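J.: coordinates only, no sequence provided:
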């Protein structure tokens, strides 16, 4: 009934949703016949269906490299995420993970559901990795080594300051941005992007996920996962988990808005990064998640539901983003419209109102100065209805 009700309310979602479903079926039919590649692409569809769809349009060699890069980091993240693994067991695995990817016999049982299958049958990923060109292998090994060391560091360290927060997000996501830039460059399709811009691409996505997933992370069993920096949340409550209690609703929303404002600092770097891309498939691959992120932040801002359940863009709007993101004009248009929507939600009494508005003004100014807002082809007619 949920999907049907959404379609009745937003009938223009139907065609993009249909195209998305057809694309998913087509992608599943394209899964390679070799057992190890078949496992890798089947697993990609299970652990990230939307990501599996977006990478299909990449050149075959780059697509294979990005698939393996994603699965290697997904496996690394599964080890980090599993709160049942003792620290003295987990840390050495994280630090040595970049060597395990060369070992066809290595596996480690952890995680749940599809992630457990990935870890139990990791030899398929290693086998596929060893078939990649050396340039791709070197990039994946380098990022896996750096990410594993960073994750190990934060197993034993709390996210206290905003600098800690940026450092943690760099290790788990900024490095993904750097790695993808290396893969794009190794393919010959793109120049190597500056590390600062690649890092911001990852940080913007990661901070959006951390904000959106507050309740899931704080309720994690057997141990809460806490990524919001104490330097921010301690201005509003005594303990991070206090934000989820109804009596703290006003303070919780103020803290949430503070976190969103922090995430907005990366948006201009993201626009610079995407504007420099030349390959249409790589551009679309990068742009879709970024538009989804700003859309999610627009939904989360000033929204107490972040502390009550799951806040995310409706599937129909997601389908439109995937279908209609084709040019930098579309990206500037979406960033502009979502920023304008965010501005309408800023309460002048919010402690960070002026800082938030300054960030949004800077973003909308950049979008206007691009000179292409009148050329956009997506979303402007639907973004206004996002909250309905």
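T.: Structure's in. What do you need? The shown structure was predicted, so the numbers you read here are calculated from the model rather than taken from an experiment.

J.: could you list the low-pLDDT ranges of the stretch 251-388 of the chain?
T.: 376-388 (pLDDT under 70).

J.: and stretch 298-318, how far out from the chain middle?
T.: Centroid separation for stretch 298-318 versus its chain: 15 Å, with Cα atoms, centre = their mean, to the nearest Å.

J.: pull out the buried positions in it.
T.: Neighbour counts over stretch 298-318 (16 or more other Cβ atoms under 10 Å) mark 298-303, 306-307, 311, 313-318 as buried. (Glycine included, C-beta is placed from N, CA and C.)

J.: contacts for stretch 112-123?
T.: 36, 39, 43, 46-47, 71, 74-75, 78-79, 100, 104-111, 125 (Cβ atoms under 8 Å, 6 or more residues apart in numbering).

J.: which of the residues you listed count as buried?
T.: Buried among the contacts of stretch 112-123 (16+ other Cβ under 10 Å): 36, 39, 43, 47, 71, 74-75, 78-79, 100, 106-108, 110-111, 125.

J.: same for the helix or strand that contains residue 137, what does it pack against?
T.: Counting by DSSP states H and E, the element that carries residue 137 is helix 134-155. Counting contacts by 3 or more Cβ pairs under 8 Å, 6 or more residues apart in numbering; DSSP states H and E, helix 134-155 is packed against helix 60-81, helix 87-100, helix 162-169, helix 175-186.

J.: can you give me the strands in the stretch 251-388 of the chain?
T.: Ranges of strands in the stretch 251-388 of the chain, per DSSP state E, counting those that start in this stretch: none exist.

J.: now the helices for it?
T.: Taking DSSP state H, counting those that start in this stretch as the criterion, the stretch 251-388 of the chain carries its helices at 267-275, 280-300, 315-324, 328-345, 353-369, 380-383.

J.: before we move on, the earlier item: which parts of the helix holding residue 137 are buried?
T.: 135-137, 139-141, 143-148, 150-152, 154.

J.: neighbours of the closest residue to residue 193 other than its chain neighbours, how many?
T.: Among residues not flanking residue 193 along the chain, residue 181 sits closest, at 4.4 Å (Cβ to Cβ, 6 or more residues apart in numbering). Residue 181 has 24 neighbouring residues, counting by other Cβ atoms under 10 Å.

J.: and residue 7, what's its pLDDT?
T.: Confidence at residue 7, expressed as pLDDT, is 53.

J.: going forward, begin numbering at 48 instead of 1
T.: Okay, using 48 as the starting number, the last item reads as residue 54.

J.: residues making contact with stretch 232-247?
T.: By Cβ under 8 Å, 6+ apart, stretch 232-247 touches 106, 108-109, 112, 180, 182-183, 186, 217, 221-222, 224-225, 227-229, 231, 313, 316-317, 319-320, 323-326, 329.

J.: if we use 6 Å, what do you get?
T.: 109, 182-183, 186, 217, 221, 224-225, 228, 231, 313, 316-317, 319-320, 326, 329 (Cβ atoms under 6 Å, 6 or more residues apart in numbering).

J.: kindly report the same for stretch 283-290.
T.: So stretch 283-290 is contacted by 265, 273, 275, 280, 295, 298, 299, 301, 302, 354 (Cβ under 6 Å, 6+ apart).

J.: just send those back as a markdown table, with distance to residue 415 too.
T.: Putting those into a markdown table (distance: Cβ to Cβ, whole Å) gives the following:
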| residue | distance to residue 415 |
| --- | --- |
| 265 | 39 |
| 273 | 38 |
| 275 | 32 |
| 280 | 34 |
| 295 | 38 |
| 298 | 35 |
| 299 | 34 |
| 301 | 30 |
| 302 | 31 |
| 354 | 34 |
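
J.: out of these, which is nearest to residue 389?
T.: Closest to residue 389 out of those is residue 301 (15.5 Å), distances taken as Cβ to Cβ.

J.: check contacts around the closest one.
T.: So, once contact is read as Cβ under 6 Å, 6+ apart, residue 301 ends up touching 283, 398.

J.: how about a cut-off of 10 Å?
T.: 282, 283, 284, 290, 295, 349, 394, 396, 397, 398, 399, 400 (Cβ atoms under 10 Å, 6 or more residues apart in numbering).

J.: also residue 308?
T.: 279, 344, 348, 389, 393, 397, 399-400, 402-407.

J.: just the buried ones from these?
T.: Applying 16+ other Cβ under 10 Å to those flags 279, 344, 348, 389, 393, 397, 399, 402, 403, 404, 406, 407 as buried.

J.: before we move on, the earlier item: mind putting the helices of the stretch 298-435 of the chain in TSV, distance to residue 260 included?
T.: Compiled in TSV, these are given as follows (distance: least, Cβ to Cβ, whole Å):
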stretch	distance to residue 260
helix 314-322	20
helix 327-347	10
helix 362-371	17
helix 375-392	20
helix 400-416	21
helix 427-430	23
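
J.: which stretch among those helices comes nearest residue 143?
T.: Nearest of those (Cβ to Cβ): helix 327-347, 29.5 Å.

J.: who are the packing partners of the closest one?
T.: helix 96-102, helix 107-128, helix 222-233, helix 242-259, helix 296-310, helix 314-322, helix 362-371, helix 375-392 (3 or more Cβ pairs under 10 Å, 6 or more residues apart in numbering; DSSP states H and E).
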